[in-house]
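Participant: Below are the sequence and a predicted model; questions follow.
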Amino acid sequence: MSKSRPPLPLTAAVFHILLALFGKERHGYDIMQQVKADSGDAVKMGPGTLYGSLDRMIEAGLVAKGNTQDPRRIYYRLTALGQATLRAETERLSRAALVARRQLGKRVTP
Amino acid sequence: MTRPARQKESQSLRLYARLLELYPPAFLQRHRAEMLQNFADLENAASSKAALWLLIGKDLAMSLIAYFFGSRLGHYVIAVLFAWILLFVIGYFFYGPTPGRPALHVFPGFLLGMLSIYIATRLYGTPQSSAYVIGVLVASILLFTIGYLRYGGTPGHPMLQVFGGLLLGMLSMSIAIRVYGMP
């Protein structure tokens, strides 16, 4: 299992899954609904995409399984590496947004 | 198989359970129960069947393509497709953009042949003994016979080329699956 931080930028799916799991264990359907809400309906993922991404994220050490009592409702949670990666990606996106706002000549609010 | 917590299984859920067989067995072993439950939840919340199947169809296509092309068998298929592109480019430089060149007819047959063997192997395990492959062959022969009777035994007839491509594609994928294994 690779425990080094995955290279940034993250894909939209991975970023939103990390965000959905921040501070709360969730099962698959709950993750999908949270991703849909967080992205304002821009990222809609189905079961195949979700569980494929979760497998890769578990392999990378970003996510771990939580409650596995019911095989139909397995819960997933963020690891410390997952939290650090989410923060790093958020910082990167913020810097990119700041530069973009400057380039577009819009007023930047701190 | 652990089924979702619902009183009655819908036809859509049964169809989805069948489509799940297209995923690699190791992946299904980990997630089948979750995916079926997930589908049942999506079905309950969907505004219409069309919206549900639009999401699921896109998801199936994208995730299966990602799995397939990430595997050794997928890399082989990419190499084969590059070889075909090279063949088209060479043909273009030698003969120009002639419509109806044999390679153009063989190619779709070839792709169809590869795809049919892949699906048959995923669904039935052994393509050599599967009724599915025999069905595809019978349908192809029927198509070829109709074309032959309709247009006559013209040498190099497009129908013959498509059929030849189909057999070549089936053979190519069978060998590749034996060598590289299924993803």
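Facilitator: Arrived safely, thanks for sending.
Participant: Strands of chain A, residue ranges please.
Facilitator: Under the criterion DSSP state E, chain A carries strands at the ranges A:26-27, A:63-65, A:75-78.
Participant: Give the pairing partners of the first one; include direction for each.
Facilitator: Strand A:26-27 has the following sheet partners, assigned by DSSP bridges: strand A:75-78 (antiparallel).
Participant: pLDDT averaged over the partner strand, what's the number?
Facilitator: What strand A:75-78 shows for mean pLDDT is 97.
Participant: and if you look at stretch B:14-24?
Facilitator: 92.
Participant: Show residues contacting it.
Facilitator: Outside stretch B:14-24, the residues that touch it by CB atoms under 8 Å, 6 or more residues apart in numbering or on different chains are A:48, B:1, B:28, B:32, B:35-36, B:39, B:56, B:60, B:63-64, B:67, B:119, B:122-123, B:182-183. In short, each C-beta sits where N, CA and C put it, glycine included.
Participant: In ChimeraX, select just the buried ones from those.
Facilitator: To isolate the buried subset of those in ChimeraX, counting by 16 or more other CB atoms under 10 Å in any protein chain shown, use the following:
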select /A:48 /B:28,32,35,36,39,56,60,63,64,67,119,122,183
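Participant: The most centrally placed residue in chain A: what's it in contact with?
Facilitator: In chain A, the centroid-proximal residue (CA atoms, centre = their mean) is A:Leu18; its distance is 2.4 Å. The contact partners of A:Leu18, by CB under 8 Å, 6+ apart, come to A:10, A:57, A:62-63, A:78, A:82, A:85-86, A:89.
Participant: Pull up the gap between it and chain B, please.
Facilitator: The gap separating A:Leu18 from chain B is 19 Å, by CB to the nearest CB, to the nearest Å.
Participant: Residue of chain B nearest chain A, please.
Facilitator: Nearest residue of chain B to chain A: B:Asp59, at 2.5 Å (CB to the nearest CB).
Participant: Please name every helix or strand in contact with the helix or strand where that residue lies.
Facilitator: Using DSSP states H and E, B:Asp59 sits in helix B:49-69. Helices and strands touching helix B:49-69, by 3 or more CB pairs under 8 Å, 6 or more residues apart in numbering or on different chains; DSSP states H and E, are helix A:47-59, helix B:11-19, helix B:25-45, helix B:72-95.
Participant: Tell me how many other residues surround the nearest residue to B:Lys49 once chain neighbours are set aside.
Facilitator: In space, and not counting its chain neighbours, B:Lys49 is closest to B:Ser12: 6.7 Å by CB to CB, 6 or more residues apart in numbering or on different chains. Other residues near B:Ser12 come to 17 when the count uses other CB atoms under 10 Å in any protein chain shown.
Participant: Ok, the one 4 residues further on next?
Facilitator: By the criterion of other CB under 10 Å, B:Tyr16 has 22 neighbours.
Participant: What separation do you get for it and B:Leu87?
Facilitator: In this view, B:Tyr16 and B:Leu87 are 39 Å apart by CB to CB, to the nearest Å.
Participant: First-to-last residue distance for stretch A:34-44?
Facilitator: For stretch A:34-44, the first-to-last residue distance is 10 Å (CA to CA, to the nearest Å).
Participant: wait, does that stretch contact chain B?
Facilitator: Yes. Using CB under 8 Å from any CB of the partner chain, stretch A:34-44 reaches chain B at A:Lys44.
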